[in-house]
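Visitor: Got a predicted model here, sequence first, then my questions.
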Amino acid sequence: MHGGRRLEVLRGIDLTIAQGEMLSIVGRSGAGKSTLLHILGTIDLPSAGRIIFGGRDLSTMSPSQLAAFRNKSVGFIFQFHHLLPEFSALENVMMPALIHRQSPRKAAEKARELLEVVGLQSRLDHRPGELSGGEQQRVALARALVLNPKLLLADEPTGNLDSETSRGIHDLFFRLNRELGTTMLIVTHNPELARSLPRALRMADGLLVGDETAGAEQNDAADAPADAPADAPADEAAKDDETDKAEQPSAPAEAEVPAP
Ligand SMILES: Nc1ncnc2c1ncn2[C@@H]1O[C@H](COP(=O)(O)OP(=O)(O)OP(=O)(O)O)[C@@H](O)[C@H]1O
Ligand SMILES: [Mg+2]
């Protein structure tokens, strides 16, 4: 709701993601990419539709069950990173583990290890205000990974970073996917990253207008080439194929994500 009016941001998304998949989400600013991630991660609730995670319908969970689910199973890297300003980098990364009642010693050990992976071993005691934008983003990334989430939802995770640091983080994503089977949805405007992920979703005007798996037949409406830049105007052409979905006044968001 906005200003007392119902505002349709997502207008019918039907999506199934298998455990261990890595997907990019591309689309113009305002297409609904962040909103989709928030809904998949249960930060925002859909006005209609369901989200099934590992066979469990999240819409039947109580708020406290949802909070526990989010803390344990989902790692978020937000577009704006939301670090706690009064805590150090190390403490920020430890926080989900402490909330999960891990021992502080174990939490600190894991947090230190992740901060080293993202190149911040010499910034452990800095508060967010004493870190650059990219450094804050890397702290948020380490925090998202501290509990080895089953599902990582990342909103332009390397948007503020130089190409070398970005590449290091992309390598980390692939390593986590390989070693832990982490499922990943990554919103990105980085064409290099989008190309390197096995499956690409394209959004326009609150709809899913493309779903391409590298090396496979196109299985959705998109007629954009696989390597089109994130902001290519292909959105408009693809949209026509989706009118039946768009015409449903409040089409449900239906999504299935893998087992915990
Ligand atoms: N809390 C809100 N209240 C009202 N409208 C909102 C709210 N959040 C998002 N919107 C609107 O929903 C649409 C989709 O927003 P969203 O943040 O999902 O876009 P996006 O694809 O992530 O864009 P960007 O690439 O700029 O981050 C936008 O038009 C935005 O103005
Ligand atoms: Mg966004």
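Guide: Thanks, I have the structure now. Ligands and ions are numbered 1, 2, ... in the order given.

Visitor: rest of the way, CA atoms for contacts and neighbours
Guide: OK.

Visitor: name the element the residue of the stretch 51-200 of the chain found nearest ligand 1 belongs to?
Guide: With C-alpha to the nearest ligand atom as the measure, Q79 is the residue of the stretch 51-200 of the chain nearest to ligand 1, at 7.2 Å. Counting by DSSP states H and E, no helix or strand carries Q79.

Visitor: show me what contacts the nearest residue to it once chain neighbours are set aside?
Guide: What sits nearest to Q79 in space, not counting adjacent residues and going by C-alpha to C-alpha, 6 or more residues apart in numbering, is D155, at 4.9 Å. Listed by C-alpha atoms under 8 Å, 6 or more residues apart in numbering, the contact set of D155 reads 34, 37, 76-79, 186-188.

Visitor: hang on, the earlier thing: surely the residue of the stretch 51-200 of the chain closest to ligand 1 and E156 touch.
Guide: Yes. Q79 is within contact range of E156, at 5.9 Å (criterion: C-alpha atoms under 8 Å).

Visitor: So which of the two has more stuff around it?
Guide: E156 (20 against 16; other C-alpha atoms under 10 Å).

Visitor: Can you tell me the closest non-neighbouring residue to that one?
Guide: Closest residue in space to E156, ignoring its immediate chain neighbours: T188 at 4.7 Å, by C-alpha to C-alpha, 6+ apart.

Visitor: The one you found: how many residues sit nearby?
Guide: 21.

Visitor: mind listing what it touches?
Guide: If you count contacts by C-alpha under 8 Å, 6+ apart, then T188 has 24-26, 155-157, 159, 194, 230 around it.

Visitor: so which pair among the residues you listed is furthest apart in space?
Guide: Largest separation among the contacts of T188 by C-alpha to C-alpha: P157 and A230, giving 15.1 Å.

Visitor: Between these two, which is the more surrounded one?
Guide: Using other C-alpha under 10 Å as the criterion, P157 and A230 rank with P157 on top: 26 against 21.

Visitor: where do the strands sit along the stretch 101-250 of the chain?
Guide: Along the stretch 101-250 of the chain, counting by DSSP state E, counting those that start in this stretch, strands occupy 151-155, 183-187, 199-204, 207-213.

Visitor: For this structure, what lies in contact range of ligand 1?
Guide: 2, 9, 28-35 (C-alpha under 6 Å from any ligand atom).

Visitor: which one among the residues you listed gets closest to A204?
Guide: A31 (4.7 Å).

Visitor: wait, is the closest one part of a strand?
Guide: No. Remark: A31 does not belong to a strand; assigned using DSSP: H, G, I helix; E, B strand; the rest coil, it is coil.

Visitor: Is it in contact with R202, as I believe?
Guide: No. The criterion here is C-alpha under 8 Å, and A31 misses it with R202 at 9.2 Å.

Visitor: Compare these two and say which one has the larger neighbour count.
Guide: Neighbours per residue, other C-alpha under 10 Å: of A31 and R202, the larger number sits with R202, 26 against 20.

Visitor: If the more buried one is in a bridge, with which residues?
Guide: V26, G210 (DSSP bridges).

Visitor: I'd like to know how far it sits from T165.
Guide: Using C-alpha to C-alpha, to the nearest Å, R202 is found at 25 Å from T165.
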